[in-house]
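**Q** my questions concern the predicted model and sequence given below.
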Amino acid sequence: MLSKSIMKKSLLFLLIIIITILSGCSEASTETTTIISSTIVPTQLTPTASPPTTKTQGPTDLVWLEIPIITPLAPIVGDILNISQNWKNDSLEEINTSWNIKLQITREEIPVYEEIFEISPPVYKHQISSFSVSLENVLTEAGHYQVSITLDEESFVSETKENNNFSESLINVPDLSQTPTYSKGLDAAAVEQAIVDIETYRKGDVLLTVLDSSGEPCPDVDVQYRQVEHSFSFGVFEMQDDTKMWTLLGEAGINYIQSWFGWEVVEPEQGVYNLDPNYYISVIKKYGLCGMATCMLWLYDFSVPNYLKTLSFEEYLSLVYPHFFNIINAFKNYIKTWNVFNEPLQAHSNLLGFNQEQTILIIKEAIRAARDADPEVRVLINIYNAAGEGVFPSVNPFDFLEDAILAGVDYDITGLEFYYNAVTRDGLWEHPRLSLTEMGELIDRYSTLGKPIHITELSVPSEHAGQGYWEQPWSEEIQAEYLKTAYTIFFSKPSVENITWMNATDNLYFGSPFIYHGGILDEQFNPKISYYYLKKLIRDWTTSGSGTTDSKGQFSFRGFGGTYEIIVTDNVTGTTTSQLISIEEQKTNEISVIFK
């Protein structure tokens, strides 16, 4: 009996020790360091004016759902920094106590921002509590930034290790301010002229008149203007749907996509159509892009189904109208621009051996079907070898377009492929050499045809292959500087409506990009230097600002073509009104805003 009593006491004593140890462990703090890997678009949160100074008992089962979510994924100097953090109530009880968090941001260990925010509790089980903030004037310099969020110890006492969570994210903002000396020779004069021409041709003047509901002018009211869309299209060719990839491309300003509509895919057997929208337009719909259907008719071997290869010209021509009508009619609500003939009369892409007269008849029939299917359609003819330098024994493309127009071909847009200086995916075949200045001169020449121009395919390698440019081998740095120079020259041309980079990534979705390591994102969708250059260019070509109306209720500014949000605020009453307006390039846009 005595031994059993001793054993019971010993077990009780051991249990007390274990409980004590576990109790002490529950009070120990932990720290976790994490790297950002996801994205949302957070809303604005105003910090508390005077955070509580007394400690409150914290919830026992408060779980941090994820590391801080930070956008942009790949920021540059001047970007607005968006930060958010979510918590969930995992307890069985209601949590009614708010608490404070401390947000700290440093650059190269130098403090640049610190603020305390009061967080509302997730009251019920599994309810989410969110914190989000948008910060301007934080990413003011290049460098490494550290973002940390901690539960503020001055206002919060935690009971479990989860509540002491400390999260940290690292952000790299690249330095894009330096211009390498090698690019100051060739193309330097063209770039200098382009900067002047961009201001002349790509902007419009705006005269805003703010009126009250009775039509009287409103003097001394604040006006904010912010461009929300471009009339110019910055595009990519990319069929795959990856959230990280399209988030990055969207952050860069990409608003346009080319989708593959090759005959071999859309009508692989005569009269049997593949019109699955998930294949063609899912990305367009999901990410709100404008799009062009490319290569509807391309007489390259793999793009010509076998049943077409044995037909006579007359038999082939009879199939053109139903093919084009059925496709465009099916997708007219999503796509307005169609590449109806790709690379006409080039030796590598004339598998069926049609002559110029036959090719013109085919194009006319395709355009007739397109306009019958959709009166709002825009038809593009895409040109390879725009300089006509005779790489293949082909018809000079400029001469062909002149003849086609004289023959009554009513197309809308001239597409130009600029693969000059590039190397194909296998790294073995180098495209012809041509300076970016000379490409700009080609644009001027094709503009004389009286059609808008799209630079439909542009790319160069980011790894050593071929001769490179500026007497430098291809690298990420040379690709980036080439992109910057090309976009600046081409964007300055008033006839150009679109520039499309082909392909967006080095990912092996189609085997590899057409140009050897030609993406602006690598195989894992991480940004290359060229990505940051393109993002900065588009940001620099986006207009925003503010001012005050004069005694006539008017305010003027000059901005790039596109759609703008105008916000008008009465300084006396604090009342605001907003309105969307469109600005046309090279025009004086007189617009009235009704202040309600």
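**A** Structure received.
**Q** from here on, contacts and neighbour counts on C-alpha atoms
**A** Noted.
**Q** go ahead and confirm residue 515 touches residue 463.
**A** No. Residue 515 is beyond contact range of residue 463, at 10.6 Å (criterion: C-alpha atoms under 8 Å).
**Q** the more surrounded of these two?
**A** residue 515 (25 against 18; other C-alpha atoms under 10 Å).
**Q** for the more buried one, list each beta-bridge partner.
**A** When bridges are called by DSSP bridges, residue 515 pairs up with residue 424.
**Q** try residue 172
**A** residue 144.
**Q** residue 342 bridge partners, please.
**A** Note on residue 342: beta-bridge partners by DSSP bridges are residue 382.
**Q** name the SS class of the most centrally placed residue in the chain, please.
**A** Residue closest to the mean C-alpha point of the chain, counted by C-alpha atoms, centre = their mean, is residue 250 at 2.3 Å. Secondary structure assignment for residue 250 (DSSP: H, G, I helix; E, B strand; the rest coil): helix.
**Q** if I look at it, how far off is residue 73?
**A** 11 Å (C-alpha to C-alpha, to the nearest Å).
**Q** low-confidence ranges, the chain, go.
**A** 1-67, 89-92, 95, 123, 152-167, 389-393, 427, 509-512 (pLDDT under 70).
**Q** so where do the helices sit in it?
**A** Assigned by DSSP state H, the chain shows helices spanning 2-26, 188-201, 243-252, 263-266, 277-280, 282-287, 306-309, 313-331, 356-373, 397-406, 436-447, 476-491, 529-540.
**Q** and of the ones you listed, who's closest to residue 151?
**A** Among the helices of the chain, the nearest to residue 151 by C-alpha to C-alpha is helix 2-26 (16.6 Å).
**Q** residue 169 is nearest to which of the helices of the chain?
**A** Of the helices of the chain, nearest to residue 169 by C-alpha to C-alpha is helix 243-252, at 17.5 Å.
**Q** what lies in contact with the closest one?
**A** With contact meaning C-alpha atoms under 8 Å, 6 or more residues apart in numbering, helix 243-252 is reached by 38, 72-74, 287, 525, 531-532, 534-536, 538-539.
**Q** and those residues as TSV, adding neighbour count and distance to residue 432?
**A** Converted to TSV, those look like this (neighbours: other C-alpha atoms under 10 Å; distance: C-alpha to C-alpha, whole Å):
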residue	neighbour count	distance to residue 432
38	15	42
72	21	38
73	22	36
74	20	34
287	15	36
525	20	29
531	24	25
532	21	27
534	22	24
535	21	28
536	21	29
538	15	28
539	16	32
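**Q** could you export stretch 246-254 as PDB, CA atoms only?
**A** Taking only C-alpha atoms (Å, rounded to 0.1, in the frame of the first residue of the first chain), the coordinates of stretch 246-254 have been written out as PDB:
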ATOM      1  CA  TRP A 246       0.700  37.700 -66.000                       C
ATOM      2  CA  THR A 247       0.900  39.600 -62.700                       C
ATOM      3  CA  LEU A 248       4.500  40.700 -63.600                       C
ATOM      4  CA  LEU A 249       3.500  41.600 -67.200                       C
ATOM      5  CA  GLY A 250       0.500  43.600 -65.900                       C
ATOM      6  CA  GLU A 251       2.700  45.400 -63.400                       C
ATOM      7  CA  ALA A 252       5.000  46.300 -66.300                       C
ATOM      8  CA  GLY A 253       2.200  47.800 -68.300                       C
ATOM      9  CA  ILE A 254       1.500  45.100 -70.800                       C
END
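**Q** run the chain-centre distance for it.
**A** 2 Å (C-alpha atoms, centre = their mean, to the nearest Å).
**Q** over to stretch 451-468?
**A** 19 Å.
**Q** now residue 434: closest residue in space, sequence neighbours ignored.
**A** residue 420 (5.8 Å; C-alpha to C-alpha, 6 or more residues apart in numbering).
**Q** for residue 461, see how far away that neighbour is.
**A** 11 Å.
**Q** for residue 436, same thing?
**A** Taken as C-alpha to C-alpha, the span from residue 436 to residue 461 is 15 Å.
**Q** neighbour count: those two, which is higher?
**A** Higher neighbour count among residue 436 and residue 461: residue 461, with 29 against 22, using other C-alpha under 10 Å.
**Q** list the residues that contact the more buried one.
**A** 422-423, 474-476, 479, 515-519.
**Q** of those - the most surrounded one?
**A** Of the contacts of residue 461, with other C-alpha under 10 Å as the count, residue 517 tops at 31 neighbours.
**Q** the contacts of helix 243-252 into a markdown table, with extra columns for distance to residue 578?
**A** Formatted as a markdown table, those follow (distance: C-alpha to C-alpha, whole Å):
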| residue | distance to residue 578 |
| --- | --- |
| 38 | 32 |
| 72 | 26 |
| 73 | 29 |
| 74 | 30 |
| 287 | 25 |
| 525 | 37 |
| 531 | 33 |
| 532 | 32 |
| 534 | 30 |
| 535 | 27 |
| 536 | 27 |
| 538 | 24 |
| 539 | 23 |
